[in-house]
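Visitor: quick one, fold the following:
(chains A and B)
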Amino acid sequence: MSLTQAVRDKLDIPDLVTGGKSLKDVTVDIAKPNEDFPTKLWWNTFLLVLTITLIDVAIIGYLFYEGLYLLGINNPVGWGFFVVNFVFWIGIGHAGTLISAVLFLFRQGWRTGINRAAEAMTIFAVLVAASNLILHVGRPWLGFWLFPYPNERGPLWVNFRSPLIWDTFAVSTYLSISMVFWYLGLIPDLATLRDRATETWRKNLYNVLSFGWVGSARSWSHLEIVSMILAALSTPLVLSVHTIVSFDFAVSILPGWHTTIFPPYFVAGAIFSGFAMVVTLMVIAREVFNLKNYITMKHLDNMNKIMMVTGLIVGLAYGTEFFIAWYSGNEYEVFAFWNRAFGPYGWAYFIMISCNVLSPQVFWFRKLRYNIPVMFVASLVVNVGMWFERFVIMMTLNRDFLPSSWAMYTPTLFDYAMLIGTFGIFFTLFLLWCRIMPVIAIAEVKTVMPQKEGAHH
Amino acid sequence: MYLPKLEQFHKYKEMDEGVLGLFETPEAIIHAAEKAKEKDYKGFDCILPYPVHGIDEAMGTPRSGLPWVTFFAGIFGCTIGILFQYLTHAHDWPLNISGKSLNAWFAYVPIIFELTVFSAGIYTVAALCFLSGIPKATRRILHPDLTSHRFGLWIPKSAKGYNESEVLSFVKGLGGAEVTVVKPENQK
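Guide: Numbering: from 1, shown residues only, chains lettered A, B, ... in the order given. Presented below is the predicted three-dimensional model:
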C-alpha cells in the first residue's frame, strides 16, 4: 500500500474510483456504451426528443415565415420567452466550465468523473441559448449584422457600446473556447476508442476524430500545460459571459434592472442552475451507462453541497434586491419590487422563491445529500425555479413608468413550443454525443486512481 | 530575466523505425525513461495512456513553452480589440450620441476582454496542434494497448548511438514485457 493510500485511508477519504478497477477496466467500462449497440431505452428516449426537435424546427421555420407576432410579446413586454430561454440556457452552461476549469485550477481530483459530461452539457446549452438569441431579433436571417465586417452599406459599423454586441462577442468566445477545451480533452480518449475499434468504419471514424493522437510524452506535456492555460482563461470567461448577459438588463435604466448586483447575482444563479442540471444528467447517466464506480456518491454529494451554497447566495441576492429597493427611497424601484412579489406575476415570484431558496435546504442533511431520488427531484425543482427567476426578471417590463402603457404578457402556444423545443434540441444533442464519445474523461480518471504499486502523485 | 528557449517547444517526431518496449506500470516507465536518459539516447520518447507525473523530469524534457504563445497572442488580441473599436467609432464612423466622447473606452472593455481571451486560447491550441503534429489521418499506431493501460518506451533509429541489438538488449534489461523492432516495411 502506498503512502498516499495509507493517508487517504487514515483520513477516511473516499476513493474517486471505486470497485478496485485496473487501468484496463477503466477503458473497457467507459468505452462500453460507445461500442455496444444502443439499448432500447436509449432508442426510445432518443426518438422522443428527436420528434420534439423536429417539431421545434418546423415551428421555427413557420416563425421565420410569419414573424414574431405569433408570440405573446407586446408593448411594453418586448422580450418574452426567447430571452428567458436564452438567459436560462446560458446559465446551464456555466457549471460545465466551472467544473472543468475552476475545479481544475483548485486541483480537485473529483472533477475528473464528471467534467466531460458537464463540458458537453455546456456546449449544447450554449448552442441552444445562441439559437434563442438569434431568433429573438425578429429577422434572424439578418443575424450576421451583429458581426463587424466591411460591408456594402457604406462605412457602417456595429455599435460596440451596445450590450447586444457584447453578448455576441461574449457568447461566441465562450462557445469557441469551451469547444476547444472540451475537444482537446477528448482527443486522447477518442484515440483510445480508435485503438479498441474492431470494425474498419469505426476505426476510420475515430481515427479522423482523434486527429491521429499517439500519446507521446512530449505531446502530453504540451497538452497538460494547454489544459491549464485554457482553464485559467475560461475561469474569468465564465464570470464575464453571465456578467455581460446581465448587462443586457443592467445597462438599461429601468427600475428593477438597473442595479449593480446584477452581474454577481446572475453568475451565482447560473452556477446554481448549471449544477442542478449536472446532477440531473449524472444521476441518469450513471444509472443508464452503469458508471457507478466512476460517478460515485461522493461526486453527487459535492455537487449537492455546491447547489446548496449557490442556492443560499441566490437567496441572499433576492433579499438584497428588496432591501436596496426600499433603502434607495426611489419610488419606482420600490414599486418594481412590490409588483414582482405581489403584482399580477406574484405567483411566479413565489414559485421562484420556493424552488430556489427553500428546496436546496434539504441538502443540510447528509442523508438527503446521499439520497438519489431526493437529489434528482431537487435538481429538477431548482431548474424550474431558475427558469422562473428569469421569467420574473423579464416580467418587470409589464408595468413600467406610465400606468397607461401597462400590459400583461400571455404566452401563446408558440412560446411554449419554443420552450419545450429547447429541451428537445439539448437532449437530442446530448444523447447523440453519449453514443459516439466517452461520457467520462478516460485519461483523466486514470490520473486520480488509487494504484496498487504506489502512484506517482 | 526568464526568456523562452527553443527546446521548450519540443516537437513530436513520427514513429517509423526503432525499438518499442512495453511496460505495465507508470513506475516502470519512469524508471525506463531515466535509464534511457542516462544512456543519452537523444530523441527517445515515451508513449502513455495518460499524463504520468514525473515523466518529464525522467526524460529530461523541459517544461512546455506554450504559455509564451498565450501571452503574446493575448497581447495581440487585446491590441486588435482596442484599435478596432477606436478606429470604427472615433475615426471611420464617428457617431455623436448625446454629446458623449467618441472614444468612450469604458464601453470597449467587454469586447477587448473577449478578444484577448479568444486569441490567447485559439493561438495556443493552434501551437499545440503544430507541436504535436495533429491533425494527421495516416498515423502509425505502434500498439493498441498504449492508449489504454500500457506504457511504451520508444527509441527511434535516429537516436544518437542507435544500435539495434544493443538497444534491444537494453530495453529488455529494463524489464520491458514486450520488446519489438519496428520497421517501416512491416507497417500495416
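Visitor: please make it C-alpha for all contacts and neighbour counts, starting now.
Guide: Fine.
Visitor: ramachandran angles for B:Thr180?
Guide: Main-chain dihedrals, B:Thr180, degrees, to the nearest 10: phi -130, psi 150.
Visitor: so who does it touch?
Guide: Counting by CA atoms under 8 Å, 6 or more residues apart in numbering or on different chains, B:Thr180 makes contact with B:Val19, B:Leu20, B:Gly21, B:Leu168.
Visitor: just the ones of those in strands?
Guide: Under the assignment DSSP state E, the contacts of B:Thr180 contribute B:Val19, B:Leu20, B:Gly21 to strands.
Visitor: mind jotting down where the strands sit in chain B?
Guide: Secondary structure of chain B, counting by DSSP E: strands at B:18-23, B:45-47, B:151-156, B:178-182.
Visitor: out of the ones you listed, which one sits most buried?
Guide: Among the strands of chain B, ranked by average contacts under mean count of other CA atoms under 10 Å in any protein chain shown, first place goes to strand B:151-156 (a mean of 27).
Visitor: packing partners of the helix ranked longest in chain B?
Guide: In chain B, ranked by residue count with DSSP state H as the criterion, the top helix is helix B:109-132. Applying 3 or more CA pairs under 8 Å, 6 or more residues apart in numbering or on different chains; DSSP states H and E, we find helix B:109-132 packed against helix A:163-196, helix A:217-250, helix B:66-86.
Visitor: now do the buried residues in it.
Guide: Neighbour counts over helix B:109-132 (16 or more other CA atoms under 10 Å in any protein chain shown) mark B:109-125, B:127-129, B:131-132 as buried.
Visitor: pLDDT check: weakest of the contacts of B:Thr180?
Guide: Lowest pLDDT among the contacts of B:Thr180: B:Leu168, with 80.
Visitor: quick one: the residue nearest to that one when sequence neighbours are not counted from chain A, how far?
Guide: Among residues not flanking B:Leu168 along the chain, B:Val19 sits closest, at 6.7 Å (CA to CA, 6 or more residues apart in numbering or on different chains). Distance of B:Val19 to chain A, given as CA to the nearest CA, to the nearest Å: 15 Å.
Visitor: same check on B:Val182?
Guide: To chain A, B:Val182 is 15 Å away according to CA to the nearest CA.
Visitor: need the per-residue pLDDT for that residue.
Guide: B:Val182 is given a pLDDT of 80.
Visitor: pLDDT weak spots in the chain?
Guide: Answering for chain A, as no chain was given. Applying pLDDT under 70 to chain A flags the ranges A:1-6, A:8-9, A:12-15, A:450-457.
Visitor: the chain in question should be chain B.
Guide: Scanning chain B for pLDDT under 70 picks out B:185-188.
Visitor: care to break it down by domain?
Guide: The record's domain parsing of chain B by the TED database lists B:6-62+B:142-182, B:65-132.
Visitor: can I get the ones in strands among the contacts of B:Thr180 in JSON lines including distance to A:Leu402?
Guide: Output for the ones in strands among the contacts of B:Thr180, formatted as JSON lines (distance: CA to CA, whole Å):
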{"residue": "B:Val19", "distance to A:Leu402": "82"}
{"residue": "B:Leu20", "distance to A:Leu402": "80"}
{"residue": "B:Gly21", "distance to A:Leu402": "80"}
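Visitor: what residues does the stretch 51-200 of chain A have near chain B?
Guide: A:155-157, A:159-161, A:166, A:169-170, A:173, A:176-177, A:180, A:188-189, A:191-192, A:195-196 (CA under 8 Å from any CA of the partner chain).
Visitor: report the buried members of these.
Guide: With burial judged by 16+ other CA under 10 Å, the buried subset of these is A:156-157, A:159-161, A:166, A:169-170, A:173, A:177, A:180, A:188-189, A:191-192, A:195-196.
Visitor: quick one, what contacts residue 179?
Guide: Just going to use chain A. A:Ile123 are the contacts of A:Met179 under CA under 8 Å, 6+ apart.
Visitor: should've been chain B
Guide: B:Val19, B:Leu20, B:Gly21, B:Leu22, B:Leu168, B:Val171, B:Lys172.
Visitor: which of the residues you listed sit farthest apart?
Guide: B:Leu22 and B:Leu168 (12.1 Å; CA to CA).
Visitor: ok, back up a step: for chain A, state which of the contacts of B:Thr180 is nearest.
Guide: Proximity of those to chain A (CA to the nearest CA) peaks at B:Leu20, which lies at 12.5 Å.
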